[in-house]
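# The sequence isn't on hand, but the structure is:
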């Protein structure tokens, strides 16, 4: 097991390097520059900016310097847009925010989605099932750009219970609306995956055998059915958590949370190369790490799986 | 800063009675809590005065720092750190006298050298300010050479004669130079702070500023707070104790939060909401002119695959005549904008609206004329490519105009939207027949608009080029009265129909009625929170 | 206990084309069975009928629309909240949008685009994602490592720049929109399928197939993939709504749908923007069609899952 984990970490390094090089190439060929503005910038001023940020050097040299700084100091350089901030400053501000509401959203989605899916599967084709299905589709029908304004309308303007946005260091009342808006569609997906996977497992002969032996239903489900049924859900959770932890731009925009998602999209639109790269590497590390966790979870669920 | 007034003022020493900050009217009861909260659409990239290049940051920097001159509620120049100034040598040398009591927030006096430092810093290639061109625009001696890296920043045409005397030397007469000192780029800096902290000097715990407020906190993309600066020379007349800014990208979300009472000022408003808000909140919904023009630029480049028909001025005229600007202004934007038949914004100081024939017609007459011109041009079979950056307003305007052209002239328009950077790239490279464009005045004078249509201007993306226009604009710089030149340029723009002018901007916003002192007649939208105060709710 | 259905998979004679519908053998073939089971399921059949109706609406709605999707009703412009609501009299059955264009015609056309995007996204995910995931999981070892790390990189890459480059290299067209959707839709599917394959390949029926000398591609196609179809069907139906909404982002960048054309995502977004302007029809009608589509897809997906579950006979 330890050997396996070490091997995976060793593979992670070339993976992230590939990611950096590919992203660099993509940005290199994309039109636009971080210094674009509606007003054309005079050539002398542009030259000074490019010199200051090293954009006047050949691409291969910049890539080399870039990778060197990341590898040796974990330094992603200064932001091109926020001229008095570094990428590390921006990640240090935005990442804890997204981490907080991302974890809460993920937990909420699991805490509601999994039981809902299980109950729906056990009571297949009863009103409980239909209710659960109805809820989970309803949650997907309202995309968060529709749900967010409605939530603020109801809870901030009409009821006056919760603030309509902001973060204020992550106090709970600032957390509620973003978590609701972000978690519902994942809740729905998790419920649907759990339900269908559970149905499949409940039909499997070994469960039928267990039932035939007269074991109580609760015990059958918790001891035998739940683990194998969770497999596709866990596969789904890997990329989903990676997404949640690095934030949703819509949530950041609608609730002014100051999270990393908005920085990333603004950076992409504004061609703030260093911020894009910093967040991409962060995201890549999270994806790789979570997929390792998922693979370990497979082995725990099904010991026959050879890693 | 009405240009003629300026000329008159600049001729002699200017001494203006000291303008004190907020001045409550008799009978007004001040509120207990003197806070001003407002919403920002986007996070400002920096609060460094010399690095700043956009409006949101300028608004905050204007509260934190103070330049030589300020503006009053009408946009007139009033003394800031400078008590007075004197112009000599035919408006090429300006001598500013600084007030004795001006101080930095750490107690240090504000000296002439602080301005010299700030201005050199703005021009210095090592700073790489995106607004370095603004220093060039002032025509200070050696500014252009310094920006180009050909001269030492020390050679900039500004010197501290003594602690309270600043002398500026220009390469050409520039009557509105003092007005240019109200912009952030020409604000002073506290050099020891920058030396001590480097790029981090703008962090709340490090920043030393000389304005009415100091920076208390700043979280990017969320919020920032300013508090009153007790060291400010006029602090006793500053009433608002605290300023809070909230960054909210989504316009509808921002409106809902305004309605929930989370802040006092909301700008801009969601598209199409102004009429409803005006009805529901007549005291709060305000629209004032804003010095920007919205237009479609024709592509005049040679060799690009622009339809040949567009080379015909009559075709361009027909397209422009066929645009029903009243529909766009009154039925789509609905925020107090004015239909535009020329380029320069109607509210520009000193600008006399030239006689543009089709401005006076009814739309039915314009349509008839458009059809006449179109037939005269041989009713070309035209398919146009119109580029715009993705946004609701641009999309709606483009949709409506394309339908007008289709129905009135049978012109097909390909509406090509893309995200900002690609759109700018296409606009610059000429990948369009028509490009949605807008231009905002850098200062309140017609040349800030009309310079754009000269051959060499960096933002002339349609590459319109007319020798007469170029000559007239060069001549206007030194003319006693430049207005006739401006009118002539506008006349040529009409004759050639170099652009399709669409509308002149207004600034529509919501302001809580308990906030008093907001400058509604300042067309450059330069507001100073030190002039505000909050009255108690009745 | 797995032998019963394992046998069904191993004996090719009874079931020569399990992965395609080229030649459905009448009688007891897996596909005929599945179809029969699917049609017995009332909810699934109902979902399928609604789905077909939606497709018919998208394809033929233009025939009954009184306006085109780009014509502006100038009488409405500027007074949309007061007079732009749904009306039988003026032919704007669903009302008009904020620029006075007929919402019925726009919903028909938007549904057409969005259905196409959803179908393409789901198909790419099902075909590429399933095969990729099944190969990776079944072959395992180093191949699996490499294949999955490639997916990791593709998930993490700043996708916006992929789209921007597509736009720079190719002209904007609906085809490029599909390419853009297809490029991203299969990644999560591949991971889920691989996870399922990892447990499937240790099952007895696979081991039996290996023992009888069945080739690896054959095992993947005939033994692994059919057992994955349940989860694949469910996840594909989950993917459709996110792909439909993702289209708005691609179009925002400039690669996808351009005015005067529209899509359900753009219409819903427009409706949400006008939430406060007293024009509920702008959100209501597009959202209704989106919602109907999701319900229909769910029941179809669920029915497929039941029908394809080999244990469920």
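On my side now, so go ahead. What you see is a predicted model, and the numbers here were worked out from it, not measured in a lab.
# so what's the nearest residue to residue B:258 once chain neighbours are set aside bridging to?
If you skip the residues right next to it in sequence, residue B:258 has residue B:266 as its closest partner in space, 4.3 Å away by Cβ to Cβ, 6 or more residues apart in numbering or on different chains. Placement of C-beta: from N, CA and C, glycine included. Beta-bridge partners for residue B:266, by DSSP bridges, are residue B:510.
# show me the contacts for residue B:266.
The neighbours of residue B:266, taking Cβ atoms under 8 Å, 6 or more residues apart in numbering or on different chains as the test, are B:38-39, B:254-255, B:258, B:509-510.
# Grab the two from those residues that are most spread out in space.
Largest separation among the contacts of residue B:266 by Cβ to Cβ: B:38 and B:255, giving 13.5 Å.
# The closest residue to residue B:189 other than its chain neighbours is in what secondary structure piece?
Nearest non-adjacent residue to residue B:189, counting by Cβ to Cβ, 6+ apart: residue B:118, 4.2 Å away. In this assignment (DSSP states H and E), residue B:118 forms part of helix B:112-123.
# Remind me what that helix packs against, helices and strands.
With contacts defined as 3 or more Cβ pairs under 8 Å, 6 or more residues apart in numbering or on different chains; DSSP states H and E, helix B:112-123 has these neighbours: helix B:132-137, helix B:143-147, strand B:158-162, strand B:165-169, helix B:191-197.
# mind running it again at 7 Å?
In terms of contact count using 3 or more Cβ pairs under 7 Å, 6 or more residues apart in numbering or on different chains; DSSP states H and E, helix B:112-123 is assigned the packing partners helix B:132-137, helix B:143-147, strand B:158-162, strand B:165-169.
# which secondary structure elements does the second one contact?
The contact analysis (3+ Cβ pairs under 7 Å, 6+ apart) places helix B:143-147 against helix B:112-123, helix B:132-137.
# what separates it from the chain centre, distance-wise?
Relative to the centre of its chain, helix B:143-147 is centred 24 Å away, using Cα atoms, centre = their mean, to the nearest Å.
# For that helix, give the mean pLDDT please.
Averaged over helix B:143-147, pLDDT sits at 92.
# before we move on, the earlier item: can you list the helices and strands packed on helix B:112-123 in TSV and add mean neighbour count?
Shown next, in TSV, are the helices and strands packed on helix B:112-123 (neighbours: other Cβ atoms under 10 Å in any protein chain shown):
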stretch	mean neighbour count
helix B:132-137	23
helix B:143-147	23
strand B:158-162	16
strand B:165-169	21
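# sec struct for the closest residue in space to residue B:248 that isn't next to it in sequence, please.
Spatially, and ignoring its direct neighbours in sequence, residue B:248 is nearest to residue B:254 (4.1 Å; Cβ to Cβ, 6+ apart). At residue B:254, secondary structure determined by DSSP: H, G, I helix; E, B strand; the rest coil is helix.
# What segments of the stretch 151-300 of chain C are helices?
In the stretch 151-300 of chain C, the helices defined using DSSP state H, counting those that start in this stretch lie at C:159-169, C:174-200, C:204-211, C:216-219, C:225-253, C:264-273, C:280-308.
# neighbouring contacts of stretch B:97-109?
B:81-85, B:110, B:112, B:164-166, B:190, B:208-210, B:214, B:229, B:231, B:233 (Cβ atoms under 7 Å, 6 or more residues apart in numbering or on different chains).
# what's the helix or strand for the residue nearest the centre of chain A?
The residue lying closest to the centre of chain A (Cα atoms, centre = their mean) is residue A:243, at 1.3 Å. Assigning secondary structure by DSSP H and E places residue A:243 in helix A:226-245.
# So which bits of that helix are buried?
For helix A:226-245, the neighbour count (16 or more other Cβ atoms under 10 Å in any protein chain shown) marks A:226, A:228-245 as buried.
# so does the helix or strand following that helix get close to chain B?
The helix or strand immediately downstream of helix A:226-245 is helix A:249-255, counting by DSSP H and E. Yes: using Cβ under 7 Å from any Cβ of the partner chain, helix A:249-255 reaches chain B at A:252-254.
# re earlier: return the subset of the contacts of stretch B:97-109 lying in strands.
B:82-85, B:165-166, B:214 (DSSP state E).
# Would you mind naming what in chain B lies close to chain C?
Going by Cβ under 7 Å from any Cβ, the residues of chain B near chain C are B:252, B:255, B:272-273, B:276, B:327, B:330-332, B:390, B:392, B:395-396, B:398-400, B:403, B:415-419, B:422.
# right, and the helix or strand after the helix or strand containing residue A:48?
Per DSSP H and E: residue A:48 is located in helix A:43-52. Going down the chain from helix A:43-52, the next helix or strand is helix A:59-73, by DSSP H and E.
# Leaving out sequence neighbours, find the closest residue to the residue in the stretch 251-400 of chain B that chain A sits nearest to.
Nearest residue of the stretch 251-400 of chain B to chain A (Cβ to the nearest Cβ) works out as residue B:257 at 4.2 Å. In this structure, residue B:257 finds its nearest non-sequential neighbour in residue A:164, 4.2 Å apart by Cβ to Cβ, 6+ apart.
# Residue B:537: neighbour count?
Residue B:537 has 9 neighbours, counted by other Cβ atoms under 10 Å in any protein chain shown.
# isn't it right next to residue B:515, touching?
No: using Cβ atoms under 7 Å, residue B:537 is not in contact with residue B:515; the gap is 11.6 Å.
# circling back: got the buried residues for the helix holding residue A:48?
Across helix A:43-52, burial judged by 16+ other Cβ under 10 Å covers A:44-50, A:52.
# just stretch B:430-439 next, same as before
B:430-437, B:439.
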